[in-house]
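Colleague: Kindly return the folded structure for what I paste below:
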Amino acid sequence: MRTAFSATAPRISPEEEQRELQEMPESVRNEILQDRAGICPQAVTETPALILTSTARMMDALDMIEESQKRDYLEAIKRVPDLVEKESPCTAFLRCENYDALAAAERLVAYWKTRRTVFGPSKAFLPLTQEGALADDGETLRKHYFKILAKDKKGRPTFYFDRSGFVTNTSAERDSVLRCFFYLYQKMALESNSNQQLGCIAVFNARGFDMYKHYDRILIKRNCATMVALPMKVRTVHILLGSTSSVFSMLLPTVKVIMGPSIRHRLKFHQGTNKELVTVLVDNGIDETDISAIVHARENKDVYYAWLDQQVSEERSHERLSFLGEEENVESIDRNQAPTRSLGVQPSTSMKLFTPKAASADMVSPARTAVFS
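Modeller: So this is what the prediction gives:
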């Protein structure tokens, strides 16, 4: 069932937006203004010492967060510590937050809270693969509502979401769309260190937006929660409105409230013909070949399908390597006749850094060194 639009829903005016921006902490406001201007953040030069000390500070920051706020993260550490290490590495969150340990810790906690909300308790702790947590979403994933485009002129990945391409719970189930959105966004985030440092660009298609078919408050809220929780900041969100007056424009004061401040202050709206939309997006640094094919509905879907198939092959390969690694760990423990404790060895120093004090020692797999990706 879609969430109907309410005429009494909260709204935000341009004046309120401007006041909100001015009242933000200076560092947050400056980051938003730089993102609006297309200025890439200055990446920190990583060294082993920086990673070690920053991770230790991040663990201290995690300890300071109220247990009630990090329950999903603690449950993940207890149930699937290796998955936490692999799919939410501390260094990814530190890079994303420019090595601000507290911000990285808060984002990591938000990541697992959002992941559980999007995937539910039965899938949140499965591997984030097409044959794991996405096992029921193959059809949605291949409907071409989402695309990862070429990087823009500044080396940032670009994500395209065709919001007007489906009707919630009619042509596509909302929960499945949310899971696919999360999966693809994470693929971009963990693809490279530079993606985590530079962030990404998003393009949302709202051409032909129909209030009764396409407005979905829950979908908007949870997709935006995903973008602000994963270890890759969205720098700009381009909204395509088409050449005529759009219903979406009328809904904007309410939609912006749902999106939250981090997203609504990074929105850019583009109205015009297909040719004009391509021109303005290219002027904003987006790859012309990809965006032109999409806007003019001439993209080769087989390329996207081949990319999805490639991800399945890589995910299977990684699973096999992980399994072999586990076997080697167990054999090594048996040969060395180490003292028995969980898998038979004491936790390594780096593993201790990975474990918040609020989680007991038996919550972690002691055969892993966890924090460095």
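
Colleague: helix/strand/coil for Ile148?
Modeller: Ile148 falls in the strand class when you classify it by DSSP: H, G, I helix; E, B strand; the rest coil.

Colleague: tell me the contacts of it?
Modeller: Pro157, Thr158, Phe159, Tyr160, Leu184, Lys187, Met188, Trp307 (Cβ atoms under 8 Å, 6 or more residues apart in numbering). No exception for glycine: its C-beta is placed from N, CA and C like everyone else's.

Colleague: correct me, but the second one touches Tyr185?
Modeller: To tie it back to what came earlier, the one meant is Thr158. No: using Cβ atoms under 8 Å, Thr158 is not in contact with Tyr185; the gap is 11.9 Å.

Colleague: on that earlier part again, so which of the contacts of Ile148 is the closest to Leu198?
Modeller: Pro157 (8.5 Å; Cβ to Cβ).

Colleague: isn't Ile77 right up against Glu85?
Modeller: No: applying Cβ under 8 Å as the test, Ile77 and Glu85 come out as separate, 9.6 Å apart.

Colleague: So which of the two has more stuff around it?
Modeller: Ile77 (25 against 21; other Cβ atoms under 10 Å).

Colleague: From Lys123, how far off is the more buried one?
Modeller: 18 Å (Cβ to Cβ, to the nearest Å).

Colleague: Could you export the contacts of Ile148 as JSON lines, including pLDDT, distance to Lys301 and neighbour count?
Modeller: As requested, those are arranged in JSON lines below (pLDDT from 0 to 100; distance: Cβ to Cβ, whole Å; neighbours: other Cβ atoms under 10 Å):
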{"residue": "Pro157", "pLDDT": "95", "distance to Lys301": "20", "neighbour count": "23"}
{"residue": "Thr158", "pLDDT": "96", "distance to Lys301": "18", "neighbour count": "23"}
{"residue": "Phe159", "pLDDT": "95", "distance to Lys301": "17", "neighbour count": "22"}
{"residue": "Tyr160", "pLDDT": "95", "distance to Lys301": "13", "neighbour count": "24"}
{"residue": "Leu184", "pLDDT": "97", "distance to Lys301": "15", "neighbour count": "22"}
{"residue": "Lys187", "pLDDT": "97", "distance to Lys301": "18", "neighbour count": "16"}
{"residue": "Met188", "pLDDT": "96", "distance to Lys301": "19", "neighbour count": "19"}
{"residue": "Trp307", "pLDDT": "94", "distance to Lys301": "11", "neighbour count": "12"}
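
Colleague: May I see these organised as a markdown table, with secondary structure added?
Modeller: Shown next, in a markdown table, are the contacts of Ile148 (three-state DSSP):
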| residue | secondary structure |
| --- | --- |
| Pro157 | coil |
| Thr158 | strand |
| Phe159 | strand |
| Tyr160 | strand |
| Leu184 | helix |
| Lys187 | helix |
| Met188 | helix |
| Trp307 | helix |
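
Colleague: Tell me how many other residues surround Pro81.
Modeller: Counted with other Cβ under 10 Å, the neighbours of Pro81 add up to 21.
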